[in-house]
Structures are given as C-alpha cells and as structure tokens.
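Visitor: The following block contains a protein sequence and its predicted model.
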Amino acid sequence: MEIRKLDAFCKVVECKSFTRAAERMLLSQPTVSEHIRSLEGELGQKLLDRLGKEVVPTPVGNLFYGYASKILRTQQEAIQAVDEFSGILSGRIVIGSGTIPGTYILPRLIARFRTMYPAIKATLKISSSRIIAEKVLAGELELGVVGARWNEKGLEWREIFSDELCLAVHPAHHWASAGSVKLETLFGEPFIMRERGSGTREVIKTILDEHGLKERDLEEVAEIGSTAAIKEAVKAGIGVSILSKCAVVDDVACGRVRALGIENHVMKRHFYLINRRKRGVSPVASFFYEYLCENSK
C-alpha cells in the first residue's frame, strides 16, 4: 500500500472532490482517480461515494480515513525527526484556533516564528473553540488555541494569552456616552449572540451564571458565527453585543463603535493552548508549542 495512494485518498475526503484534491496534489484528476481505484482494489472495499456534487467516504472509508491520516502524520513526523537530528527543522505545522486568537494574536507570532525557521510552513485553521477542541481530540490537529476552558479530560490545557471583553454599541445608542452600564440592563436590550461553541459565548455565559442570570433571558435578535459580522450588525444598529476589545479597537478609534464596560465587573478571559493528553506531538509542533509559551506575555 503506497503512501501516495493514501495521500490521494485523504485529500479527496478532505476536499470532498477529486478535482480539488488533484489541484492540491499538483496531479491530474485521472491520476487521483486511479490511485483511489487501486487502493479500493487492494482493500476489496468501496471507500468513496458521490453525494450530489460532493464526494464522501463510505462507512468503511470513514474508518480507513482515520488510519490513513495517522500513517501520513507518522511519515511526516519521521521526516521531521530526521531533519531535527540533522540540525534542519522543516515541515508543516497545522494550528487550530478560535476566532479572536486566530485573527488578532497568532498571525504575527507565526510570521515571527517563520523568520526563525523559514523551512517550516504554517497552516492556521479558524473555527469555534468547541470545534477546534474536537479536532485536537480526534487527532486532526496537534495544537489548538481556544478562548474558553471546560471539563475535557482528554486534553491538556495551558493558559497562554489573556483578553478583555467590552460591550459594543452603535455611536447613536442611548448608552453611547456612558462609560459603563449595569449587567442587569442588558436584559430587554436587543442582543447579538455569537454562535454556540465560541469562546466569547462561553465567557458571556460564565459571567451571567456568576450573577445568577441566565443566557436564555437575553433578548437575542441574532446569532452570528463571525466577530466581523457581529461588528457590522452593531454598526448597523441591529443590537448590542459583547466582543473582544482587540476586535473593535480600530472601529472605536474611528468612531464607528462605542466600547463600554460592565459596572463592577472586569470582563477578562484567558486563551488556552491545548493538545491531546498522552499523545506526543511532532518535532515541529513541539518547537512551536515552546515558542508560543515563551512569547505568551
């Protein structure tokens, strides 16, 4: 069973398309198709099905994908270990991140890391904190940076960055001239929520719980899965929201958004560097882990 066939199979599953997989591998589509046919012939099983315009793994294909991914990761780790032994660190690090650290913190750190190790390529995948954690647990990502912590014993959590939240309102809002408002006044005010599973939403829930208040009692007018989209909704006057200060700093400076505090409460949160417990990481991921820890202040 050849590595290139496993690679082709994994790329098709990830891209959900023979054409896109071929583009990523710099191969022709017929070549990728032949790799899959050959692999299915070796295994005596059908691995992929077409579902409308997408290609999806069969049940056995889904099972095989987990093992094929591990084989490819092991091959990459072996190459990286040899490179490290030779004094040359190269390869690719894939980092998962929540929206705020992935947008406002990690890009500059990755850029600096690559000046130190130019042979290392970095891929940053941004999603909700829950999804990133699930992918780390599943072994799809070696490292993740998330904006909330919960009881998940399969992960190791290390506090690495901090962030402060604010109440974001339209400049013409009746609270705009106030420096802060009482937490209770949020109820009855049109409120824009982040999607379930986001670190920001987890923090909002925690703050409310600490004061005996319930998230469900907020007058939710929209649930949006993007910080940028929530900012636009606030600027359009749809409602107010709680966002990271670093996400609204430019809009506040330009007068497009007002950032308020909550009385008697500093809305501070932490970001956590996560990896799967009892599972070693590749040399490249290990170097990046230590680099993040050293540059976390």
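Guide: Nice, thanks for sending it over.

Visitor: Now do the helix or strand in which Pro30 is found, average pLDDT.
Guide: Using DSSP states H and E, Pro30 sits within helix 29-43. Along helix 29-43, the predicted local confidence has a mean pLDDT of 91.

Visitor: can you pull the contacts of Ser17?
Guide: With contacts taken as C-beta atoms under 8 Å, 6 or more residues apart in numbering, Ser17 has the following neighbours: Glu54, Val55. Placement of C-beta: from N, CA and C, glycine included.

Visitor: make it 10 Å
Guide: Residues touching Ser17, when contacts are defined by C-beta atoms under 10 Å, 6 or more residues apart in numbering, comprise Lys11, Glu23, Arg24, Gln29, Val32, Lys53, Glu54, Val55.

Visitor: Am I right that Arg24 is in contact with Lys11?
Guide: Yes. Counting by C-beta atoms under 10 Å, a contact exists between Arg24 and Lys11, whose distance comes to 5.5 Å.

Visitor: packing partners for the helix holding Pro30?
Guide: With contacts defined as 3 or more C-beta pairs under 10 Å, 6 or more residues apart in numbering; DSSP states H and E, the secondary structure elements packing on helix 29-43 are helix 3-15, helix 18-25, strand 48-51, helix 59-85.

Visitor: Just the residues contacting that helix, thanks.
Guide: Contact with helix 29-43 is made by 1-2, 4-9, 11-12, 15, 17-25, 27-28, 45-48, 55, 58, 60-61, 64, 68, as judged by C-beta under 10 Å, 6+ apart.

Visitor: and the helix or strand hosting Ala228, what's its mean pLDDT?
Guide: Element membership of Ala228, judged by DSSP H and E, is helix 227-235. Regarding helix 227-235, the rounded mean pLDDT is 93.

Visitor: Quick one: list the elements packing against it.
Guide: For helix 227-235, the helices and strands in contact under the criterion 3+ C-beta pairs under 10 Å, 6+ apart are helix 99-100, strand 155-169, strand 190-194, strand 219-224, strand 241-244, helix 245-253.

Visitor: Give the buried residues for the helix holding Pro30.
Guide: By neighbour count, with 16 or more other C-beta atoms under 10 Å as the criterion, the buried positions of helix 29-43 are Val32, Ser33, His35, Ile36, Leu39, Glu40.
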